[in-house]
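A.B. asks: 3D, please:
(2 chains)
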Amino acid sequence: ILNVEQSPQSLHVQEGDSTNFTCSFPSSNFYALHWYRWETAKSPEALFVMTLNGDEKKKGRISATLNTKEGYSYLYIKGSQPEDSATYLCAFTNPGGGADGLTFGKGTHLIIQP
Amino acid sequence: NAGVTQTPKFRVLKTGQSMTLLCAQDMNHEYMYWYRQDPGMGLRLIHYSVGEGTTAKGEVPDGYNVSRLKKQNFLLGLESAAPSQTSVYFCASSYPLEGGRTEAFFGQGTRLTVV
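C.D. replies: Predicted coordinates:
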């Protein structure tokens, strides 16, 4: 069983502040690392898929970096807004190349306080 | 666009009852998955399918069966429900990308309570 760890488990951030959190994953047999955004009562939605060491992805105020050699990825949110409140999941493509699914971390629950 | 649709959205079962959760996708995806989500546990893979007529076990398959008779549908069955199967169940589908990557699209979830 693969081990995907996310930290912190939860995070309270003041509106307007920037924040970041971490996903660590096995560095061997790497295929891809995914970030999902999961709002309460909705289904997880894909933010980024990253495959190459050093990859950086950006979508609006949210960005992510990837280090496959040391097995970690950071998700950054700049100028947090209340609508950023959600659980952010990272997931590791299983060594079978993705057909056998993703292994998810437990998520970072982000609460933006006005 | 419908995407991935799960039925039902909510269900309460008595211990020992059986039921089937239906997942339907209209994106012509080859791969389909059933996950369960429990507090503090994240999403855990129950069973998956890499194509019509094929199924395989995931991380937590015990107590569940699945079938993929049609490409667009993936059914999850509980033959004899137990309180430990109280959870939120998510179906997902995906397609292969270059380099062995895949991106999963999720349904809205089914909240199941076994009393």
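
A.B. asks: what's the neighbour count on residue A:24?
C.D. replies: As a burial measure, residue A:24 scores 18 neighbours (other C-beta atoms under 10 Å in any protein chain shown). Where you see a C-beta, it was placed from the backbone N, CA and C, and this is true even at glycine.

A.B. asks: bridged to it, which residues?
C.D. replies: Beta-bridge pairing of residue A:24 under DSSP bridges involves residue A:5, residue A:72.

A.B. asks: quickly note the distance from it to chain B.
C.D. replies: Residue A:24 sits 14 Å away from chain B, going by C-beta to the nearest C-beta, to the nearest Å.

A.B. asks: so that residue touches residue A:5, yeah?
C.D. replies: Yes: counting by C-beta atoms under 8 Å, residue A:24 touches residue A:5, with 4.7 Å between them.

A.B. asks: flag every residue of chain A that's near chain B.
C.D. replies: Within chain A, the positions adjacent to chain B are A:1, A:31-32, A:34, A:42-46, A:49, A:51, A:89, A:91, A:93, A:97-107 by C-beta under 8 Å from any C-beta of the partner chain.

A.B. asks: and stretch A:14-26, what's buried?
C.D. replies: A:19, A:21, A:23, A:24, A:25 (16 or more other C-beta atoms under 10 Å in any protein chain shown).

A.B. asks: swap in stretch B:54-65?
C.D. replies: In stretch B:54-65, counting by 16+ other C-beta under 10 Å, buried: B:55, B:58, B:59, B:60, B:61, B:64.

A.B. asks: pull the number of nearby residues for residue B:39.
C.D. replies: Neighbours of residue B:39 under the rule other C-beta under 10 Å: 8.

A.B. asks: OK, contacts around the nearest residue to residue B:20 once chain neighbours are set aside?
C.D. replies: The shortest distance from residue B:20 to any non-neighbouring residue, by C-beta to C-beta, 6 or more residues apart in numbering or on different chains, is to residue B:77 (4.9 Å). Counting by C-beta atoms under 8 Å, 6 or more residues apart in numbering or on different chains, residue B:77 touches B:18, B:19, B:20, B:21, B:64, B:65, B:66, B:67.

A.B. asks: before we move on, what about residue A:94?
C.D. replies: Contact analysis of residue A:94 by C-beta under 8 Å, 6+ apart lists A:2, A:31, A:100, A:101, A:102, A:103.

A.B. asks: the residues of chain A next to chain B in helices, which ones?
C.D. replies: Using DSSP state H, no member of these falls within helices.

A.B. asks: tell me the helix or strand right after the worst-scoring helix or strand of chain A on mean pLDDT.
C.D. replies: When each helix and strand of chain A is scored by mean pLDDT, DSSP states H and E, strand A:102-104 comes last, with a mean of 86. Where DSSP states H and E defines the elements, the next helix or strand beyond strand A:102-104 is strand A:108-113.

A.B. asks: if you count neighbours, what's buried in stretch A:45-55?
C.D. replies: A:46, A:47, A:48, A:49, A:50, A:51, A:55.

A.B. asks: how about the nearest residue to residue A:48 once chain neighbours are set aside, what does it touch?
C.D. replies: Closest residue in space to residue A:48, ignoring its immediate chain neighbours: residue A:57 at 4.2 Å, by C-beta to C-beta, 6+ apart. Contact analysis of residue A:57 by C-beta under 8 Å, 6+ apart lists A:47, A:48, A:50, A:63, A:64.
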